[in-house]
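> What would the 3D arrangement of this be:
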Amino acid sequence: MRIAIVGQQDFGKAVLEAFLARGDQVGAVFCAPEKEGARPDALRAAAQEKGLKVHQFKSLRAPEAAQAMQDAGADIGIMAFVLQFAPQEFVTIPKRGTIQYHPSLLPKYRGPSSINWPIARGDKETGLTIFRPTDGLDEGAVILQKRTPVGDDDTLGTVYFERLFPMGVQAMLKAADLVVAGKHKEVVQDESQASYEGWFREAEARIHWANHVDAIHNLIRGSDPAPGAWTTLNGMKLQLFDSRKELVRTFGAVRGKIGEVLGIEGGRLVISAQGGRIHAGKAKLGDGKKLAAADLVASGALQAGQLLGN
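Sure, this is the predicted structure:
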């Protein structure tokens, strides 16, 4: 088949390479322009190395973008990690239309941070959806879905890089084959089950020690590695990673005050919380490097008895 890819970064590059590896033709590649000083876009660089036609329009609404898609002569458009708005007059140009990847089980978790939120909320399952892009954000008909469990200690990093990324690449190939062959089904999303979530950024990643240990553990996991769940230590930002939780069963098992650093156990920083303790394997203080928690304590920058978030 002949495709046009719209996307960016490592996921877009992986999808491009997967189609090329099996002999598909690429009529054009569309990438968002890099911001000044940003590292080169991985998809753009890979496409140019392979001698493919690359377009970087500030807006896919531009008439030039539609003309470029027309010139691509694609059987199907492939949207792999796209942050630009793609209007219907652009995505409907390929002969079989366009399909898009989204890393959640739509209609749940529509929006730009759909991997963070289910982990931060303690969901036991997430997944990915290949769907038809419409002018509504993540609202189009579903073509294919894949599910994956979320373990108690899974993080944004493990869920995405170990499952949703490789599963997503293969799902794009399968969905494209089904659509081009006319063997796919399109299922309208159930609006009664829909939810929209905005960006999961620094403000959303702040730890509130009055929350239950379950909520804090989930927040750290959903922020790991980015944006990094954080608290404060003497006015400096302290980010926590690689969380484990320990529940307390009796009042007598409670140690210290809420948010108090209790020390190092098994190489992990132990912090008291409502209903239990957080055991963080790594931490980053201020502008310093991310370190093993034991190394940060050994440096003297963090000591038992200190209160976090005060």
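> Packing partners of the strand ranked longest in the chain?
As assigned by DSSP state E, the longest strand anywhere in the chain is strand 236-247. Counting contacts by 3 or more C-beta pairs under 8 Å, 6 or more residues apart in numbering; DSSP states H and E, strand 236-247 is packed against helix 213-222, strand 229-233, strand 268-273, strand 276-285. Heads up, the C-betas are built off the backbone N, CA and C, glycines and all.
> Now render the ones you listed as CSV, adding mean neighbour count.
Listed next are those as CSV, based on neighbours: other C-beta atoms under 10 Å:
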stretch, mean neighbour count
helix 213-222, 24
strand 229-233, 20
strand 268-273, 24
strand 276-285, 21
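> Just tell me which of those ends up closest to residue 173.
Of all those, it is helix 213-222 that lies closest to residue 173, at 28.6 Å by C-beta to C-beta.
> And the contacts of the closest one?
With C-beta atoms under 8 Å, 6 or more residues apart in numbering as the test, helix 213-222 has contacts from 116-122, 153-156, 200, 205, 207-209, 211, 229, 240-241, 243-247, 273-278, 280.
> And stretch 279-292, by the same measure?
220, 228, 233, 236-246, 265-271, 293, 296, 299, 301-302.
> Can you turn the buried part of the residues you listed into a ChimeraX selection?
Here is the ChimeraX command that selects the buried residues among the contacts of stretch 279-292 (16 or more other C-beta atoms under 10 Å):
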select :220,228,233,238,239,240,241,242,243,244,245,246,268,269,270,271,293,296,301,302
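> What about residue 21, how many residues nearby?
9 (other C-beta atoms under 10 Å).
> and if you look at residue 139?
18.
> again with residue 287
For residue 287, using other C-beta under 10 Å, the count is 7.
> and it, that one's in a helix?
No - assessed with DSSP: H, G, I helix; E, B strand; the rest coil, residue 287 is coil; it does not lie in a helix.
> quick one: it from residue 242, how far?
Noted for residue 287: a distance of 20 Å to residue 242, by C-beta to C-beta, to the nearest Å.
> State the pLDDT value of the most far-flung residue of the chain relative to its centre.
Distance to the chain centre peaks in the chain at residue 252, reaching 40.0 Å (criterion: C-alpha atoms, centre = their mean). Note on residue 252: pLDDT of 91.
> Distance check, it against residue 213.
17 Å.
> circling back to that earlier point, which one, of the helices and strands packed on strand 236-247, ends up nearest to residue 64?
helix 213-222 (39.0 Å).
> what does the longest helix anywhere in the chain contact?
In the chain, assigned by DSSP state H, the helix with the most residues is helix 165-180. Contacts to helix 165-180, defined as C-beta under 8 Å, 6+ apart, come from residues 1, 3, 10-11, 14-15, 18-19, 22, 75-76, 78, 80, 96-97, 99, 101, 103, 128, 130, 143-144, 146, 148, 184.
> try it again with 6 Å
1, 14-15, 18, 75-76, 96, 99, 101, 128, 130, 143-144, 146, 184 (C-beta atoms under 6 Å, 6 or more residues apart in numbering).
> just how off-centre is that helix within its chain?
18 Å (C-alpha atoms, centre = their mean, to the nearest Å).
> buried ones in it?
165, 167-169, 171-173, 175-176, 178-180.
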